[in-house]
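Undergrad: mind folding the following:
(chains A, B, C and D)
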Protein chains: 2
Amino acid sequence: MFDDVTKEELAFLQRFKTGELVAEPKSEILAEGASSAQLYTVLSGMGVRYKSVPDGDRQVVGFVLPGDFVGLQSGVMGEMQHTVESTTLMTLCVFNRSELWSLFKSQPARAFDLTHLAATEEHLLGEALTAVGQLEAIGKIAWLLHRFFARLTALRLARNDGVPLPYRQQDFADALGLSLVHTNKTLGKLRDDGVADWTDGRLIVPKPAELARLAQIGPDTKPLPRPLI
Amino acid sequence: MFDDVTKEELAFLQRFKTGELVAEPKSEILAEGASSAQLYTVLSGMGVRYKSVPDGDRQVVGFVLPGDFVGLQSGVMGEMQHTVESTTLMTLCVFNRSELWSLFKSQPARAFDLTHLAATEEHLLGEALTAVGQLEAIGKIAWLLHRFFARLTALRLARNDGVPLPYRQQDFADALGLSLVHTNKTLGKLRDDGVADWTDGRLIVPKPAELARLAQIGPDTKPLPRPLI
DNA sequence: CGATTACTTGAGGCCTGTCAATGATGGTGG
DNA sequence: CCACCATCATTGACAGGCCTCAAGTAATCG
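TA: All right, here's what the predicted structure looks like:
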């Protein structure tokens, strides 16, 4: 699902890279409102992006999967607009923000890719907003499960016993604007109906077409290809 | 609210510009799923961005105001993920997509600005998602009104009788995931309470602090500065 | 002056949130 | 080894915010 990378491009990215970071589960990678000196590409593990609301709630604005680039907002706008937190153990490829400008000057193709990545994020958020705004609970849950299933399958993380999905139901609730209780009951309904079963951190989808129908998604919708930085 | 532009940068943008477009109200500027050969900067007028849902509904993912750049998604990803439609009469500055690549090669500062713009859109969508996901109806409406009031004031469009707001209540409903009826009643409540009055295409805010409180926004939050292309 | 569009208002019902309690699991310390 | 605590999933009862249905008014237009 990623665009190809040529040898000389790879060479530049190697220079751009300054190290690797291993993050424990539930640790903060980037903090909302902070200006980070580093940008990251996720090599393995999963996490969440969320914004905090004054009254103590939070809105999950996205889920971070291997191959995702995080910190671009901080890189171009000065500070992060949301927090990035690891859910599982994560390893990240570290880049220095100070070299971002040299990338724009000397590697226009990589700069284009970064813009592409930002536009992709915008697209994903638009999809999420549409799901949260227009679907009812069963559709929202189905939408999110379908999205994970398609994305994780494209990442070749699917096995016979489904795909890994190490999040909590609370994460889903916060992503979809639902209460934890209703999220739980809706997941139970999908499980009882034999459409999708998310148990013990793994997701199994016996009826992908039915899941897509509930989510109002075309049955063969695939994740868009994206550049890998 | 826009970043400054130097003389030589302006010269390049003049070459980049290929003309102007005048769009009648309710006309489609860019269509979801289409690949556009043009990109635009809005010079005057207002519009909406929306995504269509299979069952006939739509989700408004943003409102287009003067200074906004539209078509970047098509420019970097190949096709638009949402439709852009004019609400009022609009004038737009037209750029050719084919020159986008030369911009990345020869004007890294402008390329950086484009990435900045994409990241800004991502930020705005994240805010919208948070409002739609976490606030109840009164808060959502207050949030959107507050956002318009701040943005239009920054654009110096404020007069003694408020700011222009030429949208329909249906546009608000589709943006916030509310029904038209409930949107209407909630607007009526804000009007009755003397917090905000949106009538005949103009918005007056007698109690900005109260509006911000309902929207869970810091009282002195300003729109983020952004580049102008 | 009929048709269209947009705004307004009332009534009733359901989807979803809140409150509350229980079970299961795993980590921790005595 | 077991009591204790924290986290997460699950389930039932109940209330309420919001949707749907329906009807009416006002303004614009050909």
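Undergrad: which parts of chain A sit against DNA strand C?
TA: Residues of chain A found near DNA strand C (CB under 7 Å from any atom of the strand) are A:136-138, A:177-179, A:181-182. In this view, the C-beta of every residue, glycine as well, is placed from N, C-alpha and C.
Undergrad: nearest to DNA strand D, of the residues you listed?
TA: residue A:181 (4.2 Å; CB to the nearest atom of the strand).
Undergrad: give me the number of residues near that closest one?
TA: Using other CB atoms under 10 Å in any protein chain shown, residue A:181 has 10 neighbouring residues.
Undergrad: tell me if it really is in a strand.
TA: No. Applying DSSP: H, G, I helix; E, B strand; the rest coil, one finds residue A:181 to be helix, outside a strand.
Undergrad: what about it, distance to residue A:81?
TA: 29 Å (CB to CB, to the nearest Å).
Undergrad: stretch A:65-77 and chain B in contact?
TA: Yes. Using CB under 8 Å from any CB of the partner chain, stretch A:65-77 reaches chain B at A:72-73, A:76-77.
Undergrad: just the helices in chain A please.
TA: Ranges of helices in chain A, per DSSP state H, are A:7-16, A:72-77, A:100-106, A:108-134, A:137-154, A:169-176, A:180-192, A:208-214.
Undergrad: those helices: which one's closest to residue A:62?
TA: helix A:108-134 (6.5 Å; CB to CB).
Undergrad: give the rounded mean pLDDT of the closest one.
TA: Taken as a whole, helix A:108-134 has a mean pLDDT of 96.
Undergrad: what residues does stretch A:18-37 touch?
TA: With contact meaning CB atoms under 8 Å, 6 or more residues apart in numbering or on different chains, stretch A:18-37 is reached by A:38, A:40, A:43, A:45, A:47, A:51-52, A:70-71, A:74-75, A:78-98.
Undergrad: any idea how far apart the tips of it sit?
TA: Length of stretch A:18-37, first residue to last, CA to CA, to the nearest Å: 12 Å.
Undergrad: could I get the buried residue list for it?
TA: Neighbour-count burial for stretch A:18-37, counted by 16 or more other CB atoms under 10 Å in any protein chain shown, picks out A:23, A:29-30, A:32, A:36.
Undergrad: and chain A, what are its domain boundaries?
TA: Domain assignment for chain A by automatic domain parsing gives A:7-115, A:129-214.
Undergrad: looking at these, which one has the lowest mean pLDDT?
TA: The stretch with the lowest average pLDDT out of those is domain A:7-115, scoring a mean of 94.
Undergrad: straight-line length of that one, end to end?
TA: This stretch, domain A:7-115, spans 21 Å end to end (CA to CA).
Undergrad: do the same with stretch A:19-39
TA: Its start and end residues considered, stretch A:19-39 measures 11 Å (CA to CA).
Undergrad: residues of chain A that sit close to DNA strand D?
TA: A:168-170, A:180-181, A:184-185, A:187-188, A:199.
Undergrad: widest-spaced pair of these?
TA: Largest pairwise distance in those, by CB to CB, is 17.8 Å, between A:181 and A:199.
Undergrad: which PyMOL command selects the buried ones in the residues of chain A next to DNA strand C?
TA: With 16+ other CB under 10 Å as the criterion, this PyMOL line picks the buried residues out of the residues of chain A next to DNA strand C:
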select buried, chain A and resi 137+138+177+178
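Undergrad: check the residues of chain A next to DNA strand C and tell me the two furthest apart.
TA: Pairwise over the residues of chain A next to DNA strand C, using CB to CB, the maximum falls at A:136 and A:181, 15.7 Å.
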